[in-house]
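>>> quick one, what's the 3D model for this:
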Amino acid sequence: IEDQVSPKRCGHVAGKSVISFHDAVQRVQAACDARDEFEQLYGPGTGPLVLARTDALTTNGLEEAIQRCLAFREVGCDITFLEAPQSKEQMVEYCTRVSGYKLANMLEYGSTPIVPPKELKAMGYTIAAYPLTLLSSSIKAMQQSLQHIREGNPTNDDILTFSETK
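Numbers count the residues shown, from 1 in each chain. Model prediction:
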């Protein structure tokens, strides 16, 4: 559940905007209420996890973004996600002030510093997403192989063996 105005934009690009604090908390509250109702019917732990994301850092500042995450936790979200912190200091402050599980978004060439998993854990993050790493590295490998094919060079060093792929 997020607080961006629709249509949503990537958290690492300019031009996005967020809904009001009150409306953002209401969105998360509604999701938590639905989860809780589901669990009343089907038992504890059967409902979905509620991940509450805020993009308020770049539009409203760090303090507002942290206040949103704190409010999301107060209404019952399971995981918070502060999108696009721009420094390790911001990442540490978020992790220090907000309880519970926290998601780090490791987007190469994005706004957030890429931090090794052990350091993320030490900061207080419990989940790390690498949303474009495999896609981007796959595209780069395809481009390299196509370049070798175009030049008439072998691709054996670029690929897995047939037995490794079947």
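
>>> any idea how far the residue nearest the centre of the chain is from Pro154?
The centre of the chain sits closest to Asn105, judged by CA atoms, centre = their mean, with a distance of 3.9 Å. Distance of Asn105 to Pro154, given as CB to CB, to the nearest Å: 38 Å. For glycine as for every other residue, the C-beta is placed from the backbone atoms N, C-alpha and C.

>>> mind listing the helices for this structure?
Counting by DSSP state H, the chain has helices at residues 21-42, 56-60, 62-74, 88-97, 117-123, 133-151, 162-165.

>>> what pLDDT does the residue nearest to the residue nearest to the centre of the chain when sequence neighbours are not counted get?
Once flanking residues are discounted, Asn105 sits nearest to Ala129: 5.2 Å by CB to CB, 6 or more residues apart in numbering. We have a pLDDT of 95 for Ala129.

>>> quick one: contacts for Ala129?
Leu103, Ala104, Asn105, Met106 (CB atoms under 8 Å, 6 or more residues apart in numbering).

>>> before we move on, back to that, shouldn't the residue nearest to the centre of the chain be in contact with Pro131?
Yes: if you go by CB atoms under 8 Å, Asn105 and Pro131 touch, sitting 6.7 Å apart.

>>> right, and Asn60 touches Lys16 too?
No: at 11.3 Å, Asn60 does not count as touching Lys16 under the criterion of CB under 8 Å.

>>> what about Val92, neighbour count?
14 (other CB atoms under 10 Å).

>>> just the pLDDT at it, thanks.
Listed pLDDT for Val92 reads 98.

>>> ok, now which ones touch it?
By CB under 8 Å, 6+ apart, the neighbours of Val92 are Met123, Gly124.

>>> how much space between it and Lys121?
For Val92, the distance to Lys121 equals 12 Å [CB to CB].

>>> count the neighbours of the closest residue to Leu82 other than its chain neighbours for me.
Leaving aside its sequence neighbours, Leu82 sits nearest to Tyr94 (CB to CB, 6+ apart; 4.7 Å). Neighbour count of Tyr94, defined by other CB under 10 Å: 24.

>>> surely Tyr94 meets Gln67?
No: if you go by CB under 8 Å, Tyr94 and Gln67 don't touch, sitting 11.2 Å apart.

>>> for stretch 71-86, which residues meet the burial criterion?
71-73, 75, 77-85 (16 or more other CB atoms under 10 Å).
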